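>>> sequence first, then the predicted structure, then my questions.
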Amino acid sequence: MKKHWMWIVPLLVVVLALSWFFYFRHLPVFNKIPPQTTEVPTNNDSLSFIQQEANKIIGDFTGEKPSAIFKIKDIQFSITDIEQEERRLKTPDFDATMSKIPEKDQQVYRSKLRTDAIANLLNRIYIELYIKENNIVITEKYVQEVMKEFEDLMRKNSENPEQFNLEQHLSSMNISMSDYRRDMTNQAKFKIVTTPLTDKLPVANEQEIKTYWESHKEMFNDPPSADIDVLLTDSEEKVDQAMTLLKGGATWENACAKYSNLPAEQTKLGLMPKDRMPQEMADIVFSSTAKVKGCYKVNFMTQWYVVKINSLQQGLVRTYEEARGYAEEALMNEKKRDVVEEFLKGLSEKYGTPQRVK
């Protein structure tokens with residue numbers, strides 16, 4: 001499967017929405033079933049309370065040289081801190097991907113990145129204030145345990161666990177060991193504060209698990225997939241012209257050479273699950289009228305595509321018995337997320353929302 005898709009950006013939004021204490025840019029993308037069980041899931045249907053607070057102050061950090069400084073109790077943050085957090089959250093190919101999409105679309109995703117960076121900083125400050133107030137000690141031994149836990153997780157999910165090397169893995173994504181240690185120290189602080197809260201949650205009973213599964217069945221199934229090629233253009237007119245050329249017997253390579261924003265070799269995306277495609281594309285590729293070897297016109301955001309279907313694969317539907325373990329874990333993770341979010345909201349009410357000091 002190719003890594004550089006012009007329409008991967010919506011997937012970045014999902015990634016960037018994860019809180020600083022759950023998402024680290026050096027963690028692998030997990031493709032196991034269900035993905036929600038690898039980390040506590042983030043509710044992407046609505047903004048968290050902290051994200052809403054971030055949106056309130058994001059306007060002060062716009063323009064060429066924003067100089068605003070905000071303060072919560074005795075802890076301040078500025079545009080420099082926000083930019084550092086943005087760099088931490090970015091995927092390695094984020095800027096390259098942004099450079100290939102229209103400016104209007106870039107603004108949407110860069111704004112989302114900034115919102116998440118500010119939200120992360122707010123969460124971090126609230127955790128720091130809580131630790132200070134309650135005289136919680138973060139020992140070197142505990143930080144090392146957290147670092148080892150994440151290293152083991154990365155090793156387990158690497159292509160070659162036996163030959164996994166942490167420094168090489170981080171270096172491949174331009175992450176220094178000092179950056180990694182800083183991330184893990186923050187993770188340790190978050191974990192030592194929130195683990196007692198989540199450990200108190202009662203185990204879900206059978207009825208709760210089954211009800212959750214009934215409401216989220218598709219989450220635990222393997223979605224249908226399609227091997228597709230995607231010719232990207234910036235106008236409907238070019239798509240129509242490319243479609244006419246293809247219907248007239250021209251090769252895909254010829255159509256790409258004339259109308260695609262990318263060379264032909266970058267249009268071959270390989271096998272893509274339905275749930276990894278933009279909805280507009282999935283609706284057409286997996287419609288009842290779609291045929292293998294057929295070419296179809298798709299509009300997504302400000303861009304237009306010709307999508308060629310090379311093959312289609314049916315998905316796998318799991319029974320309750322087959323999915324029960326996954327459903328239980330996903331349900332408990334959702335409960336943990338809610339508890340943590342409520343806790344952070346309480347801290348913001350206790351310590352106060354950010355106040356501009358400059």
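Cool, the structure landed.
>>> any regions of the stretch 1-150 of the chain where pLDDT drops low?
Low-confidence segments of the stretch 1-150 of the chain, defined by pLDDT under 70: 1-47, 62-65, 100.
>>> quick one: the strands in it?
Remark: strands assigned in the stretch 1-150 of the chain by DSSP state E, counting those that start in this stretch are 69-72, 75-78.
>>> just how off-centre is the last one within its chain?
The chain centroid and the centroid of strand 75-78 are separated by 26 Å under C-alpha atoms, centre = their mean, to the nearest Å.
>>> neighbours around residue 239, how many?
24 (other C-beta atoms under 10 Å). Heads up, the C-betas are built off the backbone N, CA and C, glycines and all.
>>> how about it, what does it touch?
Applying C-beta atoms under 8 Å, 6 or more residues apart in numbering to residue 239 gives the contacts 231, 233, 259, 297, 304, 305, 306.
>>> pull out the buried residues from stretch 206-216.
Within stretch 206-216, the residues that qualify as buried are 208, 209, 212, 213, 216, counting by 16 or more other C-beta atoms under 10 Å.
>>> swap in stretch 345-356?
So, applying 16+ other C-beta under 10 Å, buried residues of stretch 345-356: 345, 347, 348, 351, 354.
>>> now swap in stretch 150-167 and tell me
By neighbour count with 16+ other C-beta under 10 Å, stretch 150-167 contains the buried residues 150, 151, 154, 155, 157, 164, 166.
>>> now do the same end-to-end measure for it.
Using C-alpha to C-alpha, to the nearest Å, one end of stretch 150-167 lies 13 Å from the other.
>>> can you check stretch 55-69 too?
Terminal-residue distance, stretch 55-69 (C-alpha to C-alpha): 15 Å.
>>> not counting that stretch itself, show me its contacts.
47, 70, 76-79, 82, 111, 114-115, 118, 353-354, 356-358.
>>> try 10 Å
With contact meaning C-beta atoms under 10 Å, 6 or more residues apart in numbering, stretch 55-69 is reached by 47, 70, 76-83, 111, 114-115, 117-119, 122, 353-358.
>>> now those residues: which count as buried?
Buried among those (16+ other C-beta under 10 Å): 70, 77, 79, 81, 82, 114, 115, 117, 118, 119, 122, 354.
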